[in-house]
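1. one predicted model, sequence on top.
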Amino acid sequence: MALDNPAFSRNSAFSQQGAVAAAQDISAQQLQEMYNQPSTPPAGETMSVESTIGKSVAGFGLLLVGAALGWLTVESLPFLWIGAGIVGFVLALVNTFKREPSPALILAYAGVQGVFVGGISAWYEMMYGGGIVAQAVIATLVVVGVTLALFASGKIRASKKATKVFLIAMVGYLVFSLVNFGIMIFGGADGNPWGLRGVDFFGTGIPFGLVLGVLVVIMAAYSLVLDFDFIQQGVRNRAPKKYEWTGVFGIMVTVIWLYLEILRMLAIARD
């Protein structure tokens, strides 16, 4: 069936006669060189934990620079961080579905998303005050640190069953978020600014958003486990060094998601 594809049939290298001709054109020396070529990249050109950490530090450093810009311009340029959020979302999709990692695009995502994070953090601080951003940052660092420590000690690991549950929960959460966003936009939440997140959880007096937020933080922590596992597997399999940027991108997306969820939980608790 592959030979019926015009992309293959027009190329003699993929035809039966062309295959014979190509084989005849290869000398014994070329065959020996192909045989001697290593199946994995040489030392120094494969993934390493240390190099991935260094690239992650650079990525988060750029994110902090963007966050400072977004924080300082939240009042003078209110649409800057909103536009940065849209551009960051597009870059996230591009980096997610791109087959080969692009350091430039990943660093661009870090800078642009930093502007969005800084702007929305400043907005939360103005609306709810009381050091809500500092509390969210500390909570995020604690979750990341505890997750990393448990993973390094071998007490938590990614498994096929847990990953399936995680993926199902992620799909459900995305659907809920879209529905809730529609309710907030079209005014179906009786003036509640959080939509379904602000609804009383079965008469307990606790907003539903807080209960959901705890589950989402657990999901984000497991997403970090998947990121750490990816890096560990890449190092073990001697994957090409370029895939360190894939690990950096995954960690950045998860940590930003975790921070924004904690920030929203704190805001709902104070509202």
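-> Perfect, I can see it now.
2. helices of the stretch 51-200 of the chain, start to end?
-> For the stretch 51-200 of the chain, applying DSSP state H, counting those that start in this stretch gives helices covering 78-97, 103-128, 132-152, 160-185.
3. out of those, deepest packed?
-> Stretch with highest mean neighbour count among the helices of the stretch 51-200 of the chain: helix 103-128 (a mean of 21; mean count of other CB atoms under 10 Å). Where you see a C-beta, it was placed from the backbone N, CA and C, and this is true even at glycine.
4. any idea how far that helix is from the chain center?
-> For helix 103-128, the gap between its own C-alpha mean and the chain's C-alpha mean amounts to 14 Å (CA atoms, centre = their mean, to the nearest Å).
5. who does that helix touch, helix- and strand-wise?
-> Of the remaining helices and strands, those touching helix 103-128 by 3 or more CB pairs under 8 Å, 6 or more residues apart in numbering; DSSP states H and E are helix 49-72, helix 78-97, helix 132-152, helix 244-270.
6. how about the last one: buried residues?
-> To tie it back to what came earlier, the one meant is helix 244-270. Of all the residues in helix 244-270, those buried under the rule 16 or more other CB atoms under 10 Å are 244-268.
7. got the angle between that helix and helix 132-152?
-> Per axes from the mean of the first three to the mean of the last three CA atoms, to 10 degrees, the angle that helix 244-270 makes with helix 132-152 is 130 degrees.
8. which other helices and strands contact helix 244-270?
-> Partner elements for helix 244-270 (3+ CB pairs under 8 Å, 6+ apart): helix 49-72, helix 103-128, helix 132-152, helix 208-236.
9. between that helix and helix 103-128, how many degrees?
-> Angle of helix 244-270 versus helix 103-128, following the same axes, to 10 degrees, is 10 degrees.
10. what angle separates helix 244-270 from helix 78-97?
-> Per the same axes, to 10 degrees, the angle that helix 244-270 makes with helix 78-97 is 130 degrees.
11. mean confidence for helix 244-270?
-> For helix 244-270, mean pLDDT rounds to 94.
12. distance from the chain centre to it, please.
-> Centroid displacement of helix 244-270 relative to its chain, using CA atoms, centre = their mean, is 9 Å.
13. how close does residue 133 get to residue 270?
-> Going from residue 133 to residue 270 by CB to CB, to the nearest Å gives 12 Å.
14. what's the pLDDT at residue 126?
-> What the model reports for residue 126 is a pLDDT of 93.
15. also residue 102?
-> Residue 102 carries a pLDDT value of 94.
16. same question, residue 42
-> Note for residue 42: predicted pLDDT of 59.
17. try the one 3 residues further on
-> pLDDT for residue 45: 83.
18. what's the neighbour count on the spatially closest residue to it that is not a sequence neighbour?
-> Nearest residue to residue 45, sequence neighbours excluded (CB to CB, 6 or more residues apart in numbering): residue 241, at 5.3 Å. Neighbour count for residue 241, taken as other CB atoms under 10 Å: 17.
19. for residue 241, what are its contacts?
-> With contact taken as CB atoms under 8 Å, 6 or more residues apart in numbering, residue 241 is in contact with 41, 45, 46, 47, 48, 51.
20. same thing but at 10 Å, please
-> Shown in contact with residue 241 (CB atoms under 10 Å, 6 or more residues apart in numbering): 41, 44, 45, 46, 47, 48, 51, 52, 55, 234.
21. quick one: which of those is nearest to residue 213?
-> Nearest to residue 213, judged by CB to CB, of those is residue 52 at 29.3 Å.
22. lovely, talk soon.
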